[in-house]
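1. Fold the following, please.
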Amino acid sequence: MKIAIDTLPLSSGHRFRGMGMYTRNLIDSLIIESRNSKDVTIDAFDFLNNKDRLKNFDLLHYPYFDLFKTSLPLYSSKPFVVTVPDVIPLIYPKYYPPGVRGRIKYTYQKIALSRAVGVITISETSKKDVVRFLNIPQQKIFVTYLAPNFKIAKVNNIQKLKIAKKYNIPHNFVLYLGDVNWNKNVVSLIEAIKKTDQTLVIVGKQAASVDYDKSHIENAPILEIQNKYSNDSRVLRLGYVQNDDLNAIWQMATLYCQPSLYEGFGLPLLEAFDAGVPVIASKTQALVEVGEDACEYFDPHDVVGLSRKISSLVQNSAERNKLLTKGKARLKDFSWRNTAKETIAAYKLALA
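-> Here you go, the predicted model:
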């Protein structure tokens, strides 16, 4: 079975974001895993610029899906599978309006996706959503869990002090990593932090961005955060951070908080487990699915409740240590090798 994987996310705007990291890790892991298999070979290249090569493969894999932009072929001479990580814009259409063109392309994308022999998604939560919103039969959907994007490497106290000075980070802080889209609920996290004596460190390009459409509803949380908290010494927006620095910041954090109203998976939970950082997360389907009993959960609509959770956990080292132990145990259930094995199994079932 010869498999070709599209590398478009590695050369587009996705390369430093979720689907780019997923594609890179998946390809690397699949190549390694295929060496242990006599009946599977993996190749990866840009489909758009190498259409003549596609005929040489048994199955094509598009490791990305855009709801409101064309990312799939309407007709394919070869069977194909598609990775659909989540459909959050369909769950909250008010905050992710597609526009007229987007609605037209959404119809196109649904038709194209219906012609796939299989759909890969990243959680049981997302699987239910794909069935519900995209009308894909559940027997055609395969769940392959993710794993941390990079391995935490231990740093010493001197290195931590150097990073703390570089970014002006205090000794104790709550960390948030990711975008600040509406569903991420970061504004509520900031409001909760302001009711405590803690500092919030936000890592991610979006929170520090200045080049965006300030009139678009999707960007309203970014604008609100920048207008209210740009000069707030207890809300630090670091922007994009290189992996070496991020590695240290992870290990310096007192807590990690994932305040999302909705997620397709919740990858930062696993990265926090790996870094040895206790996690508080909103009690939403995918986050509970990923974190199980290794997180302290809260109602994402209750700012006061979240602030109390933060304060309580900061002051309770015994509870933090319990979460660390459970996090390390839960992390063992996730690896890119497992993801690769599950993906190969999905390929075989899709072609069966």
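
2. drop to CA atoms for contacts and neighbour counts, all remaining ones
-> Will do.

3. Low-confidence stretches in the stretch 151-300 of the chain?
-> For the stretch 151-300 of the chain, no stretch has pLDDT under 70.

4. what ranges do the strands span in it?
-> Secondary structure of the stretch 151-300 of the chain (DSSP state E, counting those that start in this stretch): strands at 174-177, 200-203, 235-239, 255-258, 279-282, 295-298.

5. As a markdown table, those strands with distance to Gln315 and mean neighbour count would be great.
-> Output for the strands of the stretch 151-300 of the chain, formatted as a markdown table (distance: least, C-alpha to C-alpha, whole Å; neighbours: other C-alpha atoms under 10 Å):
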| stretch | distance to Gln315 | mean neighbour count |
| --- | --- | --- |
| strand 174-177 | 13 | 23 |
| strand 200-203 | 16 | 24 |
| strand 235-239 | 20 | 20 |
| strand 255-258 | 11 | 26 |
| strand 279-282 | 14 | 25 |
| strand 295-298 | 14 | 22 |
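
6. Please tabulate those strands in JSON lines and include distance to Thr121 as additional columns.
-> Shown next, in JSON lines, are the strands of the stretch 151-300 of the chain (distance: least, C-alpha to C-alpha, whole Å):
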{"stretch": "strand 174-177", "distance to Thr121": "22"}
{"stretch": "strand 200-203", "distance to Thr121": "26"}
{"stretch": "strand 235-239", "distance to Thr121": "28"}
{"stretch": "strand 255-258", "distance to Thr121": "21"}
{"stretch": "strand 279-282", "distance to Thr121": "21"}
{"stretch": "strand 295-298", "distance to Thr121": "23"}
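
7. can you tell which of those is closest to Lys166?
-> Using C-alpha to C-alpha as the measure, strand 235-239 is the one of those that comes nearest Lys166, at 10.5 Å.

8. Which neighbouring elements make contact with the closest one?
-> strand 200-203 (3 or more C-alpha pairs under 8 Å, 6 or more residues apart in numbering; DSSP states H and E).

9. How about the secondary structure of Lys69?
-> Three-state call for Lys69 (DSSP: H, G, I helix; E, B strand; the rest coil): coil.

10. what's near enough to touch it?
-> By C-alpha atoms under 8 Å, 6 or more residues apart in numbering, Lys69 lies in contact with Gly102, Lys105, Tyr106, Gln109.

11. and the closest residue to the first one other than its chain neighbours, how many residues sit next to it?
-> Pointing back at Gly102 there. Spatially, and ignoring its direct neighbours in sequence, Gly102 is nearest to Phe68 (4.5 Å; C-alpha to C-alpha, 6 or more residues apart in numbering). Applying other C-alpha atoms under 10 Å, we find 21 residues neighbouring Phe68.

12. And Lys38, what's its pLDDT?
-> Lys38 is assigned 81 on the pLDDT scale.

13. Please name the spatially closest residue to Pro300 (chain neighbours excluded).
-> Ser282 (5.2 Å).

14. How about the one you found: which residues does it bridge to?
-> Ser282 has these beta-bridge partners by DSSP bridges: Phe298.

15. Could you check how far it is from Thr254?
-> Distance of Ser282 to Thr254, given as C-alpha to C-alpha, to the nearest Å: 18 Å.
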